[in-house]
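In: can't give you the sequence, but here's the structure:
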């Protein structure tokens, strides 16, 4: 990719950021109140949540494939040694700890009475 196209892409991102801030301020001034709050809560927030979960899904797949490819490129399992075992153990321990923390915080969540499926995915309705 050329340096010029990277600069152009950065300019587009900056223009989009500024345009979004301006349109957000105009929307708040024009439609501020309950109508805008309802639009954000019922339309924009679910779309944003889906978008973020798709990104996380891609990132997890990339990390796992990078770890697997790194181990495969070593060729000999003995070369992996204690460092690889520690890395694998730490990855599994952190993943397990995150799951426990999400389940623990979700047990106290008042939204579980309405949404039974949130226990498995973690509740983000409190924010």
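Out: Thanks, I have it. Given the structure is predicted, the values throughout are model-derived calculations rather than measurements.
In: low-scoring stretches of this protein, by residue?
Out: Residue ranges of the chain with pLDDT under 70: 1, 75-80, 98-127.
In: Helices of this structure, start to end?
Out: Using DSSP state H, the helices of the chain run over residues 3-31, 34-39, 45-74, 77-107, 118-121.
In: Any chance of those helices in JSON lines with mean neighbour count as columns?
Out: Heads up, the C-betas are built off the backbone N, CA and C, glycines and all. Compiled in JSON lines, the helices of the chain are given as follows (neighbours: other CB atoms under 10 Å):
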{"stretch": "helix 3-31", "mean neighbour count": "10"}
{"stretch": "helix 34-39", "mean neighbour count": "12"}
{"stretch": "helix 45-74", "mean neighbour count": "10"}
{"stretch": "helix 77-107", "mean neighbour count": "11"}
{"stretch": "helix 118-121", "mean neighbour count": "13"}
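In: So what does residue 33 have for phi and psi?
Out: phi 120, psi -150 (degrees, to the nearest 10).
In: Would you mind measuring from it to residue 39?
Out: According to CB to CB, to the nearest Å, residue 33 and residue 39 sit 11 Å apart.
In: Ok, residue 60 next?
Out: 31 Å.
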